[in-house]
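In: Here is my input; please provide its structure:
(chains A and B)
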Amino acid sequence: MVTAAPYLVLAAVGAPVLAGLATMLLPASRRLTRLALATAGPATSVLLMAIHLGRNGVSTADTPTGTIAWVPSLNLDISFLVDGLGAFFALLIAGMGVVVVLYARAYFGHDAASLARFFPTLGFFSSAMLGVVLADHLLLTVLFWEMTSVSSFLLIGWDRDDADAGKRAMQAFFTTGLGGFALLGGVLLFGGHTGIWRWSHLMAEAATISHDGTVVAAFVLMFVGAATKSAQWPLHDWLPGAMKAPTPVSAYLHSATMVKAGVFLLGRMLPAFGALALWLPLLVSIGAVTMLLGAVLALNQGDLKKIFAYTTVSHLGLLVAMYGMGGASTTGGLGAISWDLTQIASHALYKAPLFLVVGALAHLVGARRLPHLFGLWHRPGAGAKAAAVVLLLSGYALAGGPGTVSFVAKELFFAATTRASDLHPVLAVVGVMAIAAAACNVAIFVRLTTTVLGHRSGVGEAADAPVVPAGQPDRWAFMLWAPAAALIALQYLGGLVPSLWNRTFRGVEVNVHDEAFATGIPLAWEPFLHPGMPLLMTAIAITAGVVLGFSGWMRRDMVDVHSRIWPASYRGIRRGGHRIFHSIQTGHVRHYLAVVFSVLTLCIGWAAWADPAMLRPPAGMDPFEYPAGLLLGAVVCAAAIALPMVTERVVRVLVLGASGFAVVGLYLVYQAPDLALTQLMFEIISVILFLLVLRLLPRADRRPRIRVLPRLALASVVGISIGWMTLLAGHAADNRADDAPTLGKFFEAHSLEGSELTDGRGGEGRNVVNVILVDFRGFDTLGEITVLATAALGVWSMLPGRRRHREEEDLAVDTGQGVQT
Amino acid sequence: MTTVLAVCVAVLVTVSVYLMLSRELKSVAMGVFALGHGANLSILAMSGSPVLADGGLRNPPILGAVNLVDPLPQALILTAIVINFAVMGFLLTLLIVTARRTGTINVDDLAAEDRPDGSRTGGDR
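Out: Next comes the predicted model:
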C-alpha cells in the first residue's frame, strides 16, 4: 500500500493557527472578514481531513503517513497517524472549532478588542489539539499536549483584570502541566526501554511488549498525565475552576475537546497497555470514583456553569472507567467495551450546547444561577425562549432520555458494566455507581425543567443579579443559541435515526467487542423490545433521579473538599521554596565555600571508600633526600602557618610574600627555571599590589573571630585530603619507569623535529616548556591571555570613578581614616 | 622531595581554606592567593621527584641534556600562574569597589546589606 503523504494532515493541523494569526493583520473595522477568516481555519481543517480520508481511508497501525524529517539526530520527525480514533477526534475538534468561532462572535458582541485577541488564541489551541490527536511520534504528541496546556492557561486567565481568573489559570496550568511532565517521563522511560517511539509501532508491537517493571512504571506515569488532563479524582478541581474562562472556551476546551485529550490518550494506550494487570483496577477505580463524585457535586450546585462543569468531570470519569473495563476486552475477549467513540461524541454533542446556552442566558437574561432563572420560559424575548428550548433539549440528553444518542450511550455503558461484572463480580459496584451517577443527571434535568417552566410570578425576579452585563443585542445575537441548537439536533438525529449514525461511525469505531452491537448502535426503542439488565438499570436510575429531582435534598451549594488541595499545596510550595532558598542562599560567602569544600572532601572520601588501596601509605618515601628542598618546604609551611596568626596587616602581606618566594625556590629545585622566573615577577607585583590595596580598605573591626575549631576542622580535612592525593600521585610519578610513555616524553620527542605522528612538523625549539605553551597547546595559551585581558578589562571597568575619587582618597589617606564613609 | 611537596600542599590548602572561611574579605583574598600556590605545587608533584639516585638533580626540560624532568606539569603551571595573577588583580579591585560602595568588607555585614531576593527578613512575603 502506498504511504500517504503527510502534507495534507500537516496543513490541516496548521490551518487554525495560521488563520487565527492572519486575523491579527486585519484592521479592526473589518469585522465580517475577521469572522470569515477565523471560521475558515477550522473549516479548512475539516475539509483537508475529509480529502485525506477520502484519498487514503482510515489508516491502521501499519499505515501511518509518510514522514517529514525534523530532528533526525533524535529520530524525531513529523508524521501522522490518521486511524479511527485520531480521525474522529480531529473532525470533532475542527468541527466544534467552527461552531465556537461563530458563537464567540455573538458572545463577545461589539467587543472588537476581545475578538482580536480571541481568534488567534483559539486557533493556537485548535492546532495544538489537532496535533495531539493526529501525531504519530510519541514526543510530538507530548509537544502538542503541552501546547494545549499553555493555550488553556491563556484562555482561562482571559479576563486580565480578574485576579481569581489568574489564580484559576495557574491552577489549571500547574495541574495539567505537571501531568504533562509525568507523560513526558513515561514516554521517555517507555521509549528508552523498548525503543518504540511511535503510536503505530506501539500498536503493531502490542502483543510483544513485556510487562516488566519499567513498562508498568511508564504506563503509570502516562496515566497520571492523562488523568490530570481529564480532571480525574483527586486532581479534578482545576476543571470547575477553569469555568472562569469565557463561555466559548468552557464549551470548547473544558467540555468538548481538551479535557478529552486524556481520554484520547487512554484510547491510544488501550491496545498496548490494556493487557497490563494494573490497567483495569487503576482506571476503573479512579474513573468510577470521579464519575460518582462529579455527579453528586453537580447536583449540589446552583450555578449552571458549575453544574455542567461537575457533570463534565463525572462523564470524564465514566469514559476513563469505560476504557478501564476495555482492558478486559482486549485480553479476555470479553465484550466490555463497545462504541467508545460514540460515548465521547455523545457527550460533546450535549455538553457543548449546554455550555453555549448558559453563555447565551448570561447575555440575554443576565443570570446563570438556577433560582434566578425561575420561569424563564414565561419571560419576554424570542432569544430567551429559544435558549430555554435548547437548554431543556440538551438537559434531556444529559439525563440520557430515550430518543437521544446519549440514551444509547448510557445503555452501552450499562451493558459494559454488566459484561465486566461477569468477569470480576466486584465490578458490579461500578454498575451501582453508574446508576447513582445517572440518577443525579436525571435529577439535574428535572430541576432544570421545573425551574425553566415554573410559573410563580415574582420569585427570583428581585434577586436577579446579572452575572454578565447583558451585551447590546446585535444582528448576530441569534448565534448565541443557533450553534447549540445545531449541535443538539445531531443528538436527536443520531438517536432517532441510528442508521445514519452507524454509517458515520462504523468506519472509525475499532473497539466493538460486544457482539450484540456488532452492526450498530441500537434503535431508540430496541432496548424496550429486548429488556435486560441495562434497561433495568436505566429504569432504576430514572425513577431515582425523578424522585431526587423533585425532592428538597441536595439543593445547597456544596463546596468540594478537594478544592482545598490546590491552595494548600500552592502555599506549601511557596513556603517550602522560601525556606529552602533562605537556607541555601544565605548571602555569606563562607557558607557557600563550606558547601563546596565539603562536597569536594566527600568526593575524595567516596573515592577512598571505593578503592581502599588509596588509604595505604606509599612505601619508600624519603623526605630527607634533598636537604635544601626540605628547608625550602619548611619555610613555605612556617610562613603559611604564621599567616592566620599575624594580625598586623602589613606584616601579613609580607608573610604571604615570604611563603611565595619559598615556593619560587621549590620551583628551582624541581628544575623549572621558567616557572621560577614568572612566579618571582608576579609575586613581587602581587605583594606591592596587596600593600597598595590595603591602604584603601577599611581596617578590620574588633568583632570576635568566627568559631575557630569548626573552621580549622574543615580546613584540615580538605588540606590533608588534597595533600594525600598529591602524595599518592607524586609517588606514582616517582616510581614510573624511565621509558614509560608519558605526554611529557611525546612533547620532548617532538619539541625540535616532527615525526609521522605530527605530520612531520616539529616545534622548532629546544625549551620544551615554551614549545608546549606556544606550539602544542597554543590555543590554551590564547585562552590564558584572554583571561588576563578580561580581568584587565574588569579592573578597568570597575574603577570608573578613579579620577573623581582621587582627591577624596588622598584626603582620606592623609588623615589616616581610610574610606570608611 | 614528593613528601615535602605533599606536606607543603596540605599546609597551604589548610591555611587557605581556613582563611577563606573567615569573616573578612581581605583574608579571603589571601586565602585564594595561597590556594593558588598549593594547587601549583600539587601539579608540580606529578612530574616526580627531581632527585636522582646518586643525590644529584635532573636537568631542566631543555633539549641537549639527559635526564630531563617532565615538562608537562611545568607548562600547565605556567598558565596557572598567569591566571592566578589575573584573578588576584580582579579580586583586589572587587575589594576596593566593595569597600567604597558599602563601607565594609565584612562578609556578615555584606550579607545583611542585600539578601539575594532583596528581602531582609525572609519568610513568606
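In: ranges for the helices of the stretch 301-450 of chain A?
Out: Shown for the stretch 301-450 of chain A, the helices assigned by DSSP state H, counting those that start in this stretch span residues A:304-332, A:340-364, A:382-398, A:405-423, A:428-453.
In: export these to TSV and tack on distance to chain B and mean neighbour count?
Out: C-beta: built from backbone N, CA, C; applies to glycine. Below are these laid out as TSV (distance: least, CB to the nearest CB, whole Å; neighbours: other CB atoms under 10 Å in any protein chain shown):
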stretch	distance to chain B	mean neighbour count
helix A:304-332	31	26
helix A:340-364	37	27
helix A:382-398	44	22
helix A:405-423	47	24
helix A:428-453	40	22
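In: now the residue positioned nearest the centre of chain A: how far from chain B?
Out: Residue closest to the average C-alpha location in chain A (CA atoms, centre = their mean): A:Gly177, at 3.0 Å. According to CB to the nearest CB, to the nearest Å, A:Gly177 and chain B sit 23 Å apart.
In: SS state for that residue?
Out: The three-state assignment at A:Gly177 reads helix, by DSSP: H, G, I helix; E, B strand; the rest coil.
In: who touches it in this structure?
Out: A:146, A:149 (CB atoms under 8 Å, 6 or more residues apart in numbering or on different chains).
In: same thing but at 10 Å, please
Out: A:145-146, A:149-150, A:152-153, A:170, A:228-229 (CB atoms under 10 Å, 6 or more residues apart in numbering or on different chains).
In: Among the residues you listed, which ones are in strands?
Out: Residues of the contacts of A:Gly177 located in strands (DSSP state E): none.
In: Let me see the mean pLDDT of the longest helix along chain B.
Out: Ranked by number of residues, the top helix in chain B under DSSP state H is helix B:71-102. Mean per-residue pLDDT for helix B:71-102: 89.
In: Just checking the distance from the next helix or strand after it to the centre of its chain.
Out: As assigned by DSSP states H and E, the chain's next helix or strand after helix B:71-102 is helix B:107-113. Relative to the centre of its chain, helix B:107-113 is centred 24 Å away, using CA atoms, centre = their mean, to the nearest Å.
In: Pull out the buried positions in helix B:107-113.
Out: Buried residues in helix B:107-113, counted by 16 or more other CB atoms under 10 Å in any protein chain shown: B:107-108, B:110-111.
In: burial count for A:Pro425?
Out: Residues lying near A:Pro425 (other CB atoms under 10 Å in any protein chain shown) number 9.
In: before we move on, what about A:His455?
Out: Neighbours around A:His455, by other CB under 10 Å: 9.
In: for it, what are its contacts?
Out: Under the criterion of CB under 10 Å, 6+ apart, the neighbours of A:His455 are A:374-375, A:377-378.
In: Selection in PyMOL covering whichever of the residues you listed are buried, please.
Out: Selection of the buried residues among the contacts of A:His455 in PyMOL, burial being defined by 16+ other CB under 10 Å:
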select buried, chain A and resi 374+375+377
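In: Kindly check the end-to-end length of stretch A:555-574 for me.
Out: Taking CA to CA, to the nearest Å, stretch A:555-574 runs 37 Å from one end to the other.
In: Likewise for stretch A:374-388?
Out: Using CA to CA, the two ends of stretch A:374-388 sit 11 Å apart.
In: out of the buried residues of helix B:107-113, who's near chain A?
Out: B:107-108, B:110-111 (CB under 10 Å from any CB of the partner chain).
In: among the residues you listed, which two are most distant?
Out: Taking CB to CB, the two most distant members of those are B:Asp108 and B:Leu110; they sit 7.2 Å apart.
In: Please tell me how far the residue lying closest to A:His347 once chain neighbours are set aside sits from A:Pro72.
Out: The spatially closest residue to A:His347, leaving aside those adjacent along the chain, is A:His315, at 5.0 Å (CB to CB, 6 or more residues apart in numbering or on different chains). Separation of A:His315 from A:Pro72 (CB to CB, to the nearest Å) stands at 42 Å.
In: One more: A:Asp734?
Out: Distance, A:Asp734 to A:Pro72, by CB to CB: 52 Å.
In: Do you have the strands of chain A handy? List them.
Out: A:68-71, A:76-78.
In: which one of those strands is the most hemmed in?
Out: strand A:76-78 (a mean of 19; mean count of other CB atoms under 10 Å in any protein chain shown).
In: before we move on, the earlier item: of all the contacts of A:His455, which comes closest to chain B?
Out: Among the contacts of A:His455, A:Phe374 lies closest to chain B (CB to the nearest CB), at 45.5 Å.
In: Which pLDDT value goes with that closest one?
Out: You'll see A:Phe374 listed with a pLDDT of 79.
In: My guess is it contacts A:Ala388. True?
Out: No - A:Phe374 lies out of contact with A:Ala388 (CB atoms under 10 Å); the separation is 11.7 Å.
In: since we're on A:Ala217, how many residues are nearby?
Out: When neighbours are counted by other CB under 10 Å, A:Ala217 comes out with 15.
In: list the contacts for B:Thr98?
Out: Counting by CB under 10 Å, 6+ apart, B:Thr98 has contacts A:697, A:798, B:25, B:104-105, B:110, B:113.
In: List buried members of the residues you listed by neighbour count.
Out: The neighbour count (16+ other CB under 10 Å) marks A:697, A:798, B:25, B:104-105, B:110 as buried among these.
In: What is the most widely separated pair among the residues you listed?
Out: Across the buried ones among the contacts of B:Thr98, the longest distance by CB to CB is 17.4 Å; it joins A:Met798 and B:Thr104.
In: Right, I'll leave it there.
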